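Asker: A structural model of the following input is requested.
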Amino acid sequence: LLLHPALPGKITDIVVEFGNSLYQDLADRFILDGEPVANADLARIWRATADPLWDAPVFEQFYRTVRALNWMLPSRRRIRVLLGLPPFDPNRVRGPADKAYLDAYEPQYDAHIAAVAEREVLARGRKALLIAGGGHMLRGLHADQQPHLLNAGSLLARRYPGALFVIDTLSVSSAPATDPRVQRVQRTLAAWPRPAVASLGGTWLGAITESLAGGEINWGAGRAMTPADARYEAQTDAVMYLGPAEILTASRPDPAIYHWGAYPAALHRLSRVIAQLE
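Answerer: Residues are numbered from 1 along each chain as shown. Take a look at the predicted model:
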């Protein structure tokens, strides 16, 4: 998708979950301006977070791919990558006195992603691709473990009705199922090309209000704010099918990055402090 020739004419920005907004200026220099940035400094964008989850090579490759794409474009058409995670400085977490700083992070997670998209994209009349977990983007859901707070997609949908088009991944195993509804999905998907995107509105699948196949289908029903929000088509506009769950692959971190250098030392220090605070 990033290398599709039509993309620069369709969007102006990409908002990502896997980036600490504390380093937005660094990301702009590297991706928009093409300035050289040391690997150790660049890695702070996805590694210096409250929950280090982004060590798989695919995340670094994403940033480098957008930079390479922008090299081929005039400055006015270059795509800006907006970092969606709340600003977080791991060096500020050193002991019990910093518990308030750490505790304030999680409640602002979804609100910050939504605020970035609103401030930098929607309020400026721009268009963006948002890349984040379904728990953040599916409409009508509450934030993870925070039933009183809306997730990012719900916040954006309420403030800008019709502006958000959501695509959820549909990863269903081809193993024999007993539920006839799951069997129907399996038969349908077997005939689809890979990859494929299909609209949900007005379909029988879009009308379901519960999770099927152990959460492989409409898993968000369990986090819906209202019964109406439990409808799959209320949460997402389309589904993307990449193939049966058992054949999908994943990008995995190189174990070597956890064995030597400054990064594992930083992880050990932060984990010890967090364990004390909990």
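Asker: so what's the gap between the helix-or-strand element of the chain with minimal mean pLDDT and the chain middle?
Answerer: When each helix and strand of the chain is scored by mean pLDDT, DSSP states H and E, helix 262-277 comes last, with a mean of 85. Computed by Cα atoms, centre = their mean, to the nearest Å, the chain-centroid distance of helix 262-277 equals 25 Å.
Asker: can you get me a residue count around I45?
Answerer: By the measure other Cβ atoms under 10 Å, the count of residues near I45 is 28. In this view, the C-beta of every residue, glycine as well, is placed from N, C-alpha and C.
Asker: and what about it, helix, strand or coil?
Answerer: At I45 the chain is in helix, as set by DSSP: H, G, I helix; E, B strand; the rest coil.
Asker: all strands of the stretch 51-200 of the chain, in order?
Answerer: Secondary structure of the stretch 51-200 of the chain (DSSP state E, counting those that start in this stretch): strands located at 80-85, 128-131, 142-143, 146-150, 167-169, 196-199.
Asker: which other residues reach the least confident helix or strand of the chain?
Answerer: 40, 43, 47, 52, 90, 93-96, 98-99, 102, 257-258 (Cβ atoms under 8 Å, 6 or more residues apart in numbering).
Asker: out of those, which is nearest to S173?
Answerer: Set against S173, the nearest of these by Cβ to Cβ is P52 (29.4 Å).
Asker: how much space between the spatially closest residue to the closest one that is not a sequence neighbour and R223?
Answerer: Spatial nearest neighbour of P52, excluding adjacent residues (Cβ to Cβ, 6 or more residues apart in numbering): L267 at 6.4 Å. Between L267 and R223 the computed distance is 30 Å (Cβ to Cβ, to the nearest Å).
Asker: of the two, who's got more company?
Answerer: A count of neighbours by other Cβ under 10 Å puts R223 above the other of L267 and R223, at 20 against 16.
Asker: hang on, the earlier thing: now render the contacts of helix 262-277 as CSV, adding distance to K127, pLDDT and neighbour count.
Answerer: Shown next, in CSV, are these (distance: Cβ to Cβ, whole Å; pLDDT from 0 to 100; neighbours: other Cβ atoms under 10 Å):
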residue, distance to K127, pLDDT, neighbour count
A40, 33, 92, 11
A43, 29, 95, 20
R47, 29, 93, 20
P52, 31, 72, 16
P90, 33, 89, 20
V93, 36, 87, 19
R94, 41, 86, 12
G95, 44, 86, 9
P96, 45, 85, 9
D98, 39, 87, 14
K99, 40, 87, 15
L102, 35, 86, 18
I257, 35, 92, 14
Y258, 38, 92, 13
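Asker: out of these, who's nearest M240?
Answerer: Among the contacts of helix 262-277, and counting by Cβ to Cβ, the member closest to M240 is P52, at 26.9 Å.
Asker: what number of residues lie near A163?
Answerer: With other Cβ under 10 Å as criterion, A163 counts 13.
Asker: residue contacts, the nearest residue to it once chain neighbours are set aside?
Answerer: Ranked by Cβ to Cβ, 6+ apart and with sequence neighbours excluded, the top spatial neighbour of A163 is L122, at 6.2 Å. Neighbour list for L122: L156, R159, Y160, A163 [criterion: Cβ under 8 Å, 6+ apart].
Asker: which of those residues ranks first by neighbour count?
Answerer: Counting by other Cβ under 10 Å, top hit in the contacts of L122: L156 with 25 neighbours.
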